[in-house]
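Peer 1: whatever this is, show me its structure:
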Amino acid sequence: MRLGAVEIWRNVAEPTADGMIRMTMRVGEHADREGGQTALLQGRQAVDEAASADPRFARLLDQYACRWEIVSDYGMGTVLLGEADRRGNLVWRT
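Peer 2: Okay, here's the model as predicted:
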């Protein structure tokens, strides 16, 4: 599902499924760390607002581990550029 710029999904069917909720923010192909940080902050704000407005959504976020990802979409797929660590800090991979 989409919530603003955040794509929210959970993989439960594949052999490698971990059941985590993925919060994915897509950025441009030439994004840098600063752009990734901005996308992460905006994504968190949108999800926090939705969780505050809907207790059912908030319970899901409490029930399952969440992974915050910044990806570049190049048209034929995506490349992971960064993700939030346990403290919520962006770890940039490029």
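Peer 1: could you report the pLDDT at the spatially most central residue of the chain?
Peer 2: Among the residues of the chain, the smallest C-alpha distance to the mean C-alpha position (CA atoms, centre = their mean) belongs to Met23, namely 2.3 Å. Per-residue pLDDT puts Met23 at 96.
Peer 1: pLDDT weak spots in this protein?
Peer 2: Judged against pLDDT under 70, the chain has no low-scoring part.
Peer 1: now do the helices in this protein.
Peer 2: Counting by DSSP state H, the chain forms helices over residues 33-53, 55-63, given from the N-terminal end onward.
Peer 1: can you say which of those helices is packed in most?
Peer 2: Each of the helices of the chain was assessed for mean neighbour count using mean count of other CB atoms under 10 Å. The highest is helix 33-53, with a mean of 16. Just so you know, the C-beta spots here come from the backbone N, C-alpha and C atoms, and that holds for glycine as well.
Peer 1: what does that one rub up against?
Peer 2: Judged by CB atoms under 8 Å, 6 or more residues apart in numbering, the contacts made with helix 33-53 from elsewhere in the structure are 3-6, 8, 23, 25-28, 31, 57-58, 61, 68, 70, 81-82, 84, 88, 90, 92.
Peer 1: circling back to that earlier point, ok, the residue nearest to the centre of the chain - contacts?
Peer 2: Met23 sits in contact with Val6, Glu7, Ile8, Gly43, Val47, Cys66, Arg67, Trp68, Glu69, where contact means CB under 8 Å, 6+ apart.
Peer 1: quick one: the closest residue to Leu61 other than its chain neighbours from Ser72, how far?
Peer 2: Across the structure, with CB to CB, 6 or more residues apart in numbering as the measure, the residue nearest Leu61 apart from its sequence neighbours is Ala51 (5.7 Å). Using CB to CB, to the nearest Å, one gets 27 Å for the distance from Ala51 to Ser72.
Peer 1: with that, I have no additional questions.
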